[in-house]
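with the sequence up front, the predicted model follows.
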Amino acid sequence: DAWVQDLRWSAVNTNIDNGFEIDRVKPEGCLGTGSFSVVWRGRAKYPDLRWAGKGQVWALKEISKKDLSYVEEERVREEVRVQRRVGEHPHIVFMKEFVETDSSYVLVMEVRRR
């Protein structure tokens, strides 16, 4: 399946909470919401020297699988494909990794400062 092949590039088989501290309670922990997703502020638990190490802040776009239509799932797939093709670019938000849990898809993306 092409979808599985696309995801193997960046998929991580884990629980997103294993790698990131996510504050889902405080209002400042939520960076934004969309029609089928919530974007959380997440802080890396473990060092990753390529991306500034432990404590680096990331935007975690959490997309609930519940009630996700086929068309919406295709949009998620396309977003991952585009992010994969673009990679790191100074004018486009970088997707560090993609995580699939039992209940959601999570895109771990850089936080751009204004």
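Nice, I can see it.

how far away from the center of its chain is the lengthiest helix in the chain?
For the chain, the helix that runs over the most residues, judged by DSSP state H, is helix 70-86. With Cα atoms, centre = their mean, to the nearest Å as the basis, helix 70-86 stands 12 Å off its chain's centre.

would you mind writing the CA trace of it as CSV?
Extracted C-alpha coordinates of helix 70-86, given in CSV (Å, rounded to 0.1, in the frame of the first residue of the first chain):
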residue,chain,number,x,y,z
TYR,A,70,-12.1,9.0,3.9
VAL,A,71,-11.6,12.5,2.3
GLU,A,72,-10.2,13.9,5.5
GLU,A,73,-7.9,11.0,5.9
GLU,A,74,-6.7,11.6,2.3
ARG,A,75,-5.9,15.2,3.2
VAL,A,76,-3.8,14.0,6.1
ARG,A,77,-2.0,11.6,3.8
GLU,A,78,-1.4,14.4,1.3
GLU,A,79,-0.1,16.7,4.0
VAL,A,80,2.4,14.1,5.1
ARG,A,81,3.5,13.5,1.5
VAL,A,82,4.1,17.2,0.9
GLN,A,83,6.0,17.6,4.1
ARG,A,84,8.1,14.6,3.2
ARG,A,85,8.9,16.0,-0.3
VAL,A,86,9.8,19.5,1.0
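
for the residue nearest to Tyr105 when sequence neighbours are not counted, give me the pLDDT.
Sequence neighbours aside, Ile63 is the residue nearest to Tyr105 in space, at 4.5 Å (criterion: Cβ to Cβ, 6 or more residues apart in numbering). Where you see a C-beta, it was placed from the backbone N, CA and C, and this is true even at glycine. Ile63 carries a pLDDT value of 92.

how near is Ile63 to Val39?
Taking Cβ to Cβ, to the nearest Å as the measure, Ile63 and Val39 are separated by 10 Å.
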